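*Asks:* Compute the structure for the input listed below.
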Amino acid sequence: MVSIIIVGSGGREAAIEWKLRGSPHVEEIFVSPGNGGSKNNLSYAETDFNQLADFTESKKGFAIVGPEKPLADGIVDVFLERGLKIFGPTQKAAQLEASKVYSKYFMKRHGIPTADFRVFDSYQLADDYIKHKGGNVVIKADGLAAGKGVILCRNVIDASSALKNLMIYTKFGPAGSKVVIEDRLIGTEVSCFYLSDGSHIIPLSTAQDHKRIYDGNRGPNTGGMGSYSPSLFLTDRIQEEIHRIAGKTINGIANEGSPFKGVLYIGLIISDGKPYVLEYNVRLGDPEAQVILPRMKSDLYLYLEACVDGVLEEMDEIEWDDRPAVCVVMSSQGYPGNYETGKVISGIKDTDRIRDIHLFHAGTKRDEAQLTTSAGRVLGVTALDEDLMTTIEKVYAAVRLIKWDGEYHRSDVGMNAVNYL
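*Replies:* Take a look at the predicted model:
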């Protein structure tokens, strides 16, 4: 049996911890730094690579990296240099997410369908281009911005304001010193996930994220305000096309000298019946993990181990629960802008009386006997049931039981799929 060390503190890491606790191959799980809902928290930050490696070595353990920043900063390389087992891509392979500029040029090199784009490190040239395009563009910060560095613009005023925030006012620091400006595609977005051992892939289930803060997909982007799985918008033909895109991506980055081991997250938009890649992520999505993992019937650990050992082709296809899952993210009022923390959370235990409800802690903290808020996204509440509408009703019944001063959540998670049915 193996000791697991999960690096991270959010809802995605909580879902990974929950899923791995059901594996007969896992003896113990540690989470660093963890949150108010995780057990066996360690005091190391996500950036304490050597201390995390020391602890993993002392346990002869298996490390799993949840968030993107330690991957982009090279945690996997540190572990591999010491001969330690760790699930996730190397720093070079993680550039698929860490740099929007790199990823767009990568897609162009390998014939992967994506929106037409231009790259700028000059504010004036970028602003001139925006005016030339009439402002109906998408502006992306090159570097990591916690899921908030993508701005969808409808006119020149909006686009110029977004550009100033990134390049002049440095809202996201050096991440916005260079930008991608791309044509805005119209369609339905979907998230697809693949496990990879560097040369082979196995698909995870699909999911649909809700990025905007307000109902009706209005307002600024967030890290994600809810999700459901599986996506209902994909035909067999489109899924085959997406699978080819995933294969091209894994083969392409391997041929460029950076074999990808980990989870490849492909954010796509289906426009005029064709999939286009919007972005790559190099880890499980958050909150997509909170709906994908509860539907996974197979042993997650065995698949992660196969990726690290390079034997994924020996594994069977993953078995899935046919029931849909819906996750609603409960957040602090004001997120993704300024918000208060330290609010006392109540009602958690009341959700126990509802069957097939899972609570995934994110921005929570234990203060003596109290559970309090500590971040923008606080809890992910996930439900499963026989059909999507029943699942939505169930998840919101659980959400209504949980309270704190200044709690906010979207009230329409999953409804776009219900309207589609």
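
*Asks:* pretty sure P259 contacts N251?
*Replies:* No - when contacts are counted by Cβ atoms under 8 Å, P259 is not listed as touching N251 (9.9 Å). Where you see a C-beta, it was placed from the backbone N, CA and C, and this is true even at glycine.

*Asks:* In terms of neighbours, single out the busier of the two.
*Replies:* More neighbours surround P259 than the other of P259 and N251, with 19 against 15 (other Cβ atoms under 10 Å).

*Asks:* And what about that one, helix, strand or coil?
*Replies:* Of the three states, P259 takes coil according to DSSP: H, G, I helix; E, B strand; the rest coil.

*Asks:* sorry, back to before: can you pull the residues that touch both of P259 and N251?
*Replies:* S199 (Cβ atoms under 8 Å, 6 or more residues apart in numbering).

*Asks:* what's the nearest residue to T206 if we skip its chain neighbours?
*Replies:* Distances taken as Cβ to Cβ, 6 or more residues apart in numbering place S231 nearest to T206, at 4.1 Å, with adjacent residues excluded.

*Asks:* Now do stretch 72-91: distance from first to last residue.
*Replies:* 5 Å (Cα to Cα, to the nearest Å).

*Asks:* about what we covered before: determine whether the claim that the residue nearest to T206 is in a helix is correct.
*Replies:* No - counting by three-state DSSP, S231 is not found in a helix; it is coil.

*Asks:* you'd agree it is up against Q208?
*Replies:* Yes - the pair S231 / Q208 is scored as a contact, 4.9 Å apart, by Cβ under 8 Å.

*Asks:* These two: which has the busier surroundings?
*Replies:* More neighbours surround Q208 than the other of S231 and Q208, with 24 against 21 (other Cβ under 10 Å).

*Asks:* packing partners for the helix or strand harbouring the more buried one?
*Replies:* Taking DSSP states H and E as the criterion, Q208 maps to strand 208-209. When contacts are defined as 3 or more Cβ pairs under 8 Å, 6 or more residues apart in numbering; DSSP states H and E, strand 208-209 sits against strand 188-197, strand 226-229.

*Asks:* ok, then the element right after it?
*Replies:* With DSSP H and E, the next secondary element past strand 208-209 is strand 212-214.

*Asks:* Buried residues in that following strand, which are they?
*Replies:* Of all the residues in strand 212-214, those buried under the rule 16 or more other Cβ atoms under 10 Å are R212, I213.

*Asks:* Tell me which strands that strand pairs with, and in which orientation.
*Replies:* In the sheet, strand 212-214 lines up against strand 218-221 (antiparallel) (DSSP bridges).

*Asks:* distance between the strand it pairs with and the chain's centre?
*Replies:* Put simply, strand 218-221 sits 17 Å off its chain's centre (Cα atoms, centre = their mean, to the nearest Å).

*Asks:* next one: stretch 204-216
*Replies:* Using Cα atoms, centre = their mean, the distance between the centre of stretch 204-216 and that of its chain works out at 11 Å.

*Asks:* For it, what does the pLDDT average out to?
*Replies:* The pLDDT scores in stretch 204-216 average 95.

*Asks:* so how far is the first residue of that stretch from its last?
*Replies:* End to end - Cα to Cα - stretch 204-216 spans 27 Å.

*Asks:* hmm, back to that, of the helices and strands packed on strand 208-209, which stretch is the most buried?
*Replies:* Among the helices and strands packed on strand 208-209, strand 226-229 has the highest mean neighbour count (mean count of other Cβ atoms under 10 Å), at a mean of 30.

*Asks:* Send over stretch 338-353 as PDB, restricted to the C-alpha atoms.
*Replies:* The C-alpha trace of stretch 338-353 is given here as PDB (Å, rounded to 0.1, in the frame of the first residue of the first chain):
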ATOM      1  CA  ASN A 338     -12.300  42.100  -3.000                       C
ATOM      2  CA  TYR A 339     -14.000  40.000  -0.400                       C
ATOM      3  CA  GLU A 340     -14.000  39.400   3.400                       C
ATOM      4  CA  THR A 341     -12.800  36.200   5.100                       C
ATOM      5  CA  GLY A 342     -13.200  34.700   8.600                       C
ATOM      6  CA  LYS A 343     -17.000  34.300   8.300                       C
ATOM      7  CA  VAL A 344     -18.400  31.400  10.300                       C
ATOM      8  CA  ILE A 345     -19.900  28.600   8.200                       C
ATOM      9  CA  SER A 346     -23.000  26.700   9.400                       C
ATOM     10  CA  GLY A 347     -25.200  23.900   8.100                       C
ATOM     11  CA  ILE A 348     -22.500  21.500   6.800                       C
ATOM     12  CA  LYS A 349     -23.700  18.500   8.800                       C
ATOM     13  CA  ASP A 350     -27.300  19.200   7.800                       C
ATOM     14  CA  THR A 351     -26.400  18.100   4.300                       C
ATOM     15  CA  ASP A 352     -25.700  14.500   5.600                       C
ATOM     16  CA  ARG A 353     -29.400  13.700   5.400                       C
END
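
*Asks:* Alright, I will stop here.
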